[in-house]
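Pasting a predicted model and its sequence here:
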Amino acid sequence: MNFYGILAGLILFSLSTLFADDGSVPDTSRGPVVSGELPTVEALWAGYLDSNGGRRNIEAVQSIQVEGHIRLPGEAPAESSAFRVIRKRPGLLRQHITFPNEVVRQVLVNDRGAWAKLIFSNGEERSQEVSEREQASLRQAVRMESPFLQTEA
């Protein structure tokens, strides 16, 4: 599974646990607890547009940067990989992952293709082939039109 598949899985897991009813007492330390029916997609979308200043403000976003740590399956809890992903309009992506062994993998994607290189702790750099499967995933990831950034429909 590639980085974006894992990231998507983490997001889905987070959302599923957010809306799961496990019968436990809600944690009110994070804010008010809302009871009743969940909002519709249209209500979520309208609230999202409203809280971000409308469609024009969202369409004006030219770049998004996400940073964090991810622990891949099979890694010990103390081992995590630091990542930074930058997406820019139109269709540019830069990905930087630092693995626990201090190896850095950088990926650059634009409209002509995808390139990757590994940088080892001793300073050695090596080009790395980007598989067809990963290229397909990266072509999807380069789009800034996530469900809540899509304003054309």
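Received the coordinates, thanks.

so residue 113 bridges to which residues?
residue 110 (DSSP bridges).

my guess is it meets residue 134, correct?
No - Residue 113 is beyond contact range of residue 134, at 11.7 Å (criterion: CB atoms under 8 Å). To be clear about C-beta, it is placed using only N, CA and C from the backbone, and glycine gets the same treatment.

Give me the more crowded residue out of those two.
Taking other CB atoms under 10 Å, residue 113 and residue 134 do not tie; residue 134 has more neighbours (19 against 11).

Looks like the more buried one contacts residue 109 (just checking).
No - Residue 134 lies out of contact with residue 109 (CB under 8 Å); the separation is 10.0 Å.

Report the next helix or strand after the helix or strand bottoming out on mean pLDDT in the chain in sequence order.
One helix or strand of the chain scores below all others by mean pLDDT, DSSP states H and E: helix 3-19, with a mean of 46. Beyond helix 3-19 on the C-terminal side, the first helix or strand identified by DSSP states H and E is helix 41-51.

Averaged pLDDT, that next one. What do you get?
The average pLDDT within helix 41-51 is 84.

how far does it sit from the chain's center?
21 Å (CA atoms, centre = their mean, to the nearest Å).

and it, C-alpha only, in PDB?
Taking Å, rounded to 0.1, in the frame of the first residue of the first chain, the C-alpha atoms of helix 41-51 are listed here in PDB:
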ATOM      1  CA  VAL A  41     -24.100  16.400   2.800                       C
ATOM      2  CA  GLU A  42     -25.700  19.600   1.500                       C
ATOM      3  CA  ALA A  43     -25.800  21.200   5.000                       C
ATOM      4  CA  LEU A  44     -22.100  20.200   5.500                       C
ATOM      5  CA  TRP A  45     -21.200  21.700   2.200                       C
ATOM      6  CA  ALA A  46     -23.100  24.900   2.800                       C
ATOM      7  CA  GLY A  47     -21.500  25.300   6.200                       C
ATOM      8  CA  TYR A  48     -18.100  24.600   4.800                       C
ATOM      9  CA  LEU A  49     -18.500  27.300   2.100                       C
ATOM     10  CA  ASP A  50     -19.900  29.700   4.600                       C
ATOM     11  CA  SER A  51     -17.100  29.200   7.200                       C
END
